[in-house]
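Participant: Okay, predicted coordinates and the sequence, questions at the end:
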Amino acid sequence: MHLIANTHRGKGKLAPDAPYPSTKAGRVAELLSLCPKAAQTPLVDVDGLTQGGALWVKDERSRMGLGSFKALGAAYVIARQAADVSAAPDGSTLAGRTYVTASAGNHGLSVAAGARIFGAKAVVFIAETVPESFADRLRDIGADVQRAGADYAASMQAAQDAAIANHWTLLSDSSWTGYTELPYILMEGYLQMAAETVAQCPDVPTHIFLQAGVGGLAGAVAAYARQAWGDAPEIIVVEPEAAPALQASVAAGKCVFADGPDSIMGRLDCKEPSLIALNGLARDADHFLTLSDAEVAALLPAMAEVGLATTASGGAGIAAALHSDLRETLGIGPQARVLCFLSEVPE
């Protein structure tokens, strides 16, 4: 476990050419209602995991039938583009358009589902290490799956090359210099989860734990939480020890690449942050925390016993909230009200 305080809290951007995350949740619910199974997910009041205080968990495992909060992102971008074309978008609105992305997990499912709803095509590049079972899930909802490279970075480069060569729309869930417009809208889709949570919480949380890979979930939720609750909650961003991209960037005062070994927190195993998320979290988060694979894996059985079965990636924020040494360091006692996000189904 390694915890640092954020010395950039409330200050300027660390990536000057990228925007802050959106906090405009108003249009999101309306457009997502065009997608099947776009129902609210529950906020669970969890008993039996802590020695005192409230633990609230926003459970995203049923989100839009796709098993992850990521369903809100790419599908929202595609729904928004369909609404820009037609006042009454349907299954043929985006016919002839192709969206391309790289994915090691749930983002590709959202791209494929959104494309299918509005008549577009989806091409998803996956690395050689991605299980064939995931490729089959993508194909089941209409994606053209192509394997490229030994890791996510290689498959992302293949997606970028294909977008240029074929005049397709690149739809990534990260952002980098020169590529921020669609990721900004994609992160706006995650505000649906944040807005639901604010409405569902019975009181203002004292602590919010947000797991992060490139930082999309964490950046969107933190920005909305600050708008709704001000400085009241203490926000802690949680990353794998093997991929401290946000922590390292905040410590350096600029975007940096954080190299390291593979982590069992595969969805969070991202070595470079989204610039939009980095700007937002440098402004909004109080602490940046890394946990080892062993620290997270040790707590997954206890989560499953109380109905919170998930992966190491999906439960990293909860694991941090249960870490006894961290609770002592942050002063999380019997009066605390802790909010976490369970971000995906178990594999």
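Facilitator: Noted; the coordinates are in hand. Numbering: from 1, shown residues only.
Participant: Could I get the average pLDDT for stretch 239-257?
Facilitator: The predicted model gives stretch 239-257 an average pLDDT of 96.
Participant: list the buried ones in that stretch?
Facilitator: 239-251, 255-256 (16 or more other C-beta atoms under 10 Å). Heads up, the C-betas are built off the backbone N, CA and C, glycines and all.
Participant: That one: end-to-end distance?
Facilitator: Terminal residues of stretch 239-257 are spaced 14 Å apart (C-alpha to C-alpha, to the nearest Å).
Participant: contact partners of it?
Facilitator: 2, 4, 6-8, 14-15, 211-215, 218, 237, 258, 260-263, 265, 268-273, 275, 277-278, 281-282, 288-293, 296, 316 (C-beta atoms under 8 Å, 6 or more residues apart in numbering).
Participant: sorry, back to before: nearest to W176, out of the buried residues of stretch 239-257: which one, please.
Facilitator: For W176, the nearest member of the buried residues of stretch 239-257 is C255. The distance, counting by C-beta to C-beta, is 8.6 Å.
Participant: roughly how far apart are that closest one and L14?
Facilitator: Between C255 and L14 the distance is 7 Å, computed by C-beta to C-beta, to the nearest Å.
Participant: Next: R137.
Facilitator: From R137 over to L14 the distance is 36 Å, taken as C-beta to C-beta.
Participant: Between those two, point out the one with more neighbours.
Facilitator: Summary of the neighbour comparison: R137 and L14, criterion other C-beta atoms under 10 Å, with L14 having more neighbours (22 against 18).
Participant: Now the more buried one: which helix or strand?
Facilitator: With elements delineated by DSSP states H and E, L14 resides in a region that no helix or strand encompasses.
Participant: for F125, same thing?
Facilitator: strand 121-126.
Participant: And the helix or strand just after that strand, how far out from the chain middle?
Facilitator: Scanning the chain past strand 121-126 towards its C-terminal end, the next helix or strand to appear is helix 132-140 (assignment: DSSP H and E). Here helix 132-140 shows a centroid-to-chain-centroid distance of 21 Å under the convention C-alpha atoms, centre = their mean, to the nearest Å.
Participant: Show the average pLDDT along helix 132-140.
Facilitator: Helix 132-140 shows a mean pLDDT of 92 in the predicted model.
Participant: can you check stretch 160-167 too?
Facilitator: The pLDDT scores in stretch 160-167 average 97.
Participant: Perfect, that will be all.
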